[in-house]
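Novice: just coords:
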Ligand code: NAP
Ligand code: G4F
């Protein structure tokens, strides 16, 4: 039987690496797009040991000619569009670039599919950030969007243009509204991996303390390895539909940091007032975690919790890794890197 061909944009990112691993194991021929620059960022593919099994192609989302060249060359069965400027905080500093990549980039791919081969299936990486300020209820496919950052607003465009190309042109285009998912391959700018990598570095004597912004934000954190299975299942569905993927459980940044610190071996006590809390190690009396206003965002999302009942019922998807296991997985991995004297990236 002919091997299925997949194109994953953003192969150098966290999800790109896990999804590529999954598709290779399923017998796909995987093409992965990276951004051409003076230095290549392939450490995730190397860590998973799959670099040699992927055909790398260069693609910049802002360049429609790149997108057309690659899609015409490969003519894939499935395109997974994971490439994006994905850091919410940076989107406040670079809103125009973020909109060009995360909103118009999606349209450029869909337009190319429409012109070149309408049979190509398309997955769009939508985000729970689109829900924005949603109070304390569980969010599903019918919940309303109230995006709170240029990133989230660009993702809303990407989401609806995907729905539109499905409805208008009959393209198999689906969108996964994914809640936060983390792993040892998560970028160190994101709060979970910033916490695990920095705490391990403090314990090794290479850093003094961990500075965070909004401790009280609450997120529904799952494991990226589980989430890419849901992404693949959406693309194998009979009908193209949109699904929420989430664990249904939320925790604060402070809870994540507190648990991670315990796992590293700190014995923390929290002191100070609500807006200036800091954590001290009872054994050494040193401040381990403290607030830094610089990490606050002009507008933040205070609470996100998802309801993935539809994905469970229709796709048979459910996450396996629980919160505690996730924190442990990330800490253990950073500890291993630290022991080997590796740079934590
Ligand atoms: P990530 O680790 O930041 O990876 C993003 C990828 O996009 C990287 O390969 C990056 O390349 C590439 N990229 C960025 N700008 C690009 C551009 N202009 N042209 C071409 N490629 C570009 O993100 P992730 O966590 O794997 O997330 C994957 C996707 O899911 C993203 O679209 C994200 O917005 C979305 N999402 C993520 C989560 C989550 O919790 N992880 C939740 C919901 C939705 P470089 O390596 O060159 O930077
Ligand atoms: O880890 P974060 O940067 O992730 P955020 O903003 O939730 O976005 C991630 O998940 C989205 C899905 O919901 C994706 F679409 C998106 O691409 C990305 O993967 O921040 C989480 C929370 C925020 O409320 C932030 O204000 O942690 C808070 N936080 C507190 N101190 C911090 C810090 N975030 C970061 N990055 N760094 C801090 O020092």
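Specialist: That came in fine, so what should we check first? What you see is a predicted model, and the numbers here were worked out from it, not measured in a lab. Ligands and ions are numbered 1, 2, ... in the order given.

Novice: show me what contacts the nearest residue to residue 128 once chain neighbours are set aside?
Specialist: Ranked by CB to CB, 6 or more residues apart in numbering and with sequence neighbours excluded, the top spatial neighbour of residue 128 is residue 179, at 4.3 Å. The C-beta positions use only the backbone N, C-alpha and C, and glycine is treated the same way. By CB atoms under 8 Å, 6 or more residues apart in numbering, the contact set of residue 179 is 128, 219-222, 244-247, 304-306.

Novice: now for whichever strand or helix holds residue 200, which elements pack on it?
Specialist: The secondary structure element spanning residue 200 is helix 191-203 (assigned by DSSP states H and E). Applying 3 or more CB pairs under 8 Å, 6 or more residues apart in numbering; DSSP states H and E, one finds that helix 191-203 makes contact with strand 210-212, helix 253-264, helix 323-339.

Novice: format those as CSV; extra columns: mean pLDDT.
Specialist: What follows is the helices and strands packed on helix 191-203, written out as CSV (pLDDT from 0 to 100):
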stretch, mean pLDDT
strand 210-212, 98
helix 253-264, 98
helix 323-339, 95
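
Novice: for ligand 2, find the nearest of these.
Specialist: With distances scored as CB to the nearest ligand atom, the stretch of those nearest to ligand 2 is strand 210-212 (3.8 Å).

Novice: show me where the stretch 51-200 of the chain has helices.
Specialist: Across the stretch 51-200 of the chain, reading from the start of the chain, the helices by DSSP state H, counting those that start in this stretch fall at 64-74, 88-93, 95-99, 105-116, 150-169, 191-203.

Novice: what do you get for the stretch 201-345 of the chain?
Specialist: Along the stretch 201-345 of the chain, counting by DSSP H, counting those that start in this stretch, helices occupy 224-236, 253-264, 309-315, 323-339.

Novice: report pLDDT for residue 245.
Specialist: Model confidence at residue 245, given as pLDDT, is 98.

Novice: need the contact list for it.
Specialist: Residue 245 touches 176-179, 181, 222, 227, 230-231, 306, 308, 311, 317, 319, counting by CB under 8 Å, 6+ apart.

Novice: can you rerun that using 7 Å?
Specialist: 176, 178-179, 227, 230, 308, 311, 317 (CB atoms under 7 Å, 6 or more residues apart in numbering).

Novice: which one of those sits closest to ligand 1?
Specialist: residue 178 (3.8 Å).

Novice: distance of that closest one from residue 145?
Specialist: From residue 178 over to residue 145 the distance is 14 Å, taken as CB to CB, to the nearest Å.

Novice: who has more neighbours out of these two?
Specialist: Neighbours of residue 178 and residue 145, each counted by other CB atoms under 10 Å, are more numerous for residue 178; the result is 25 against 18.

Novice: show me the beta-bridge partners of that one.
Specialist: Taking DSSP bridges, one obtains residue 127, residue 245 as the residues bridged to residue 178.

Novice: that one touches residue 127, doesn't it?
Specialist: Yes - judged on CB atoms under 7 Å, residue 178 makes contact with residue 127 at a distance of 6.3 Å.

Novice: rewinding a little: what angle do the helix holding residue 200 and helix 323-339 make?
Specialist: 40 degrees (axes from the mean of the first three to the mean of the last three CA atoms, to 10 degrees).

Novice: just want the angle from helix 191-203 to helix 253-264.
Specialist: Inter-element angle recorded for helix 191-203 and helix 253-264: 40 degrees (by the same axes, to 10 degrees).

Novice: I'd like the numbering to begin with 781 instead of 1 from here.
Specialist: Got it, the first residue is 781 from now on, which makes the last one we talked about helix 971-983.

Novice: so for helix 971-983, mean pLDDT?
Specialist: Averaged across helix 971-983, the pLDDT comes to 97.

Novice: so does that helix get close to ligand 1?
Specialist: No - interface with ligand 1: helix 971-983 contributes nothing (CB under 6 Å from any ligand atom), its closest point being 9.2 Å away.

Novice: distance from the chain centre to that helix, please.
Specialist: Taking the mean C-alpha point of helix 971-983 and that of its whole chain, the gap between them comes to 18 Å (CA atoms, centre = their mean, to the nearest Å).
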